[in-house]
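**Student:** Dropping a prediction and its sequence here:
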Amino acid sequence: MDDLNISSQIASNGMKAQATRLRVISENLANADSTSELPGREPYRRKLVTFRNQLDRSLQADTVKVKKILTDQSKLNSKYDPSNPAADDKGYVLMPNVNPLVEMMDMREAQRSYEANMDVISTSRQMVAKTLDLLK
């Protein structure tokens, strides 16, 4: 039963990491149209989550952890909107580097990973319950 407990703990760490990723993706989507309030200032920049393997000595197994939440330094888009308070002298406003389609694809991938880890925990619990039933 220790192996089942270890697999549940590993899956739990995976769920925590994917939950962080989902939170960051949600933040990106919420700010997809957030511009600066002042001309010449940068708008919201997309954030990215990176992961790392970490040895959990109590489990004697590698688990996944969030390494960093980085700010995407890719090029910002601009849009012609002279009525916007953040518009430069030519009427262009810097827009966030968030592509909602990419964020939705990333969200779906994170959801699937989260669900897969949840299935591991559920299966482990079922196997423990059946083992206990057999021992009665």
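**Tutor:** Perfect, thanks for sending it.
**Student:** can you give me the helices in this protein?
**Tutor:** Under the criterion DSSP state H, the chain contains helices at 2-30, 100-135.
**Student:** now, of these, which is deepest in the fold?
**Tutor:** helix 2-30 (a mean of 17; mean count of other C-beta atoms under 10 Å). C-beta coordinates here come from the backbone N, C-alpha and C atoms, glycine included.
**Student:** Now do the contacts for the residue most central in space within the chain.
**Tutor:** The centroid of the chain falls nearest to residue 21 when counting by C-alpha atoms, centre = their mean (1.1 Å). Residue 21 sits next to 49, 66, 106, 110 when contact means C-beta atoms under 8 Å, 6 or more residues apart in numbering.
**Student:** Run a quick neighbour tally on residue 35.
**Tutor:** Neighbour count of residue 35, defined by other C-beta atoms under 10 Å: 20.
**Student:** Look up how far residue 81 lies from it.
**Tutor:** Here residue 35 is placed at a distance of 9 Å from residue 81 (C-beta to C-beta, to the nearest Å).
**Student:** try residue 116
**Tutor:** To residue 81, residue 116 is 42 Å away according to C-beta to C-beta.
**Student:** cool, residue 75 as well?
**Tutor:** 18 Å.
**Student:** likewise residue 73?
**Tutor:** 24 Å.
**Student:** Without its sequence neighbours, what residue ends up closest to residue 27?
**Tutor:** Leaving aside its sequence neighbours, residue 27 sits nearest to residue 47 (C-beta to C-beta, 6 or more residues apart in numbering; 6.5 Å).
**Student:** Please give me every residue in contact with the one you found.
**Tutor:** Residue 47 makes contact with 24, 27-28, 69-72, according to C-beta under 8 Å, 6+ apart.
**Student:** Quick check: the farthest pair among these?
**Tutor:** For the contacts of residue 47, the maximum inter-member distance is 13.1 Å, found between 27 and 70 (C-beta to C-beta).
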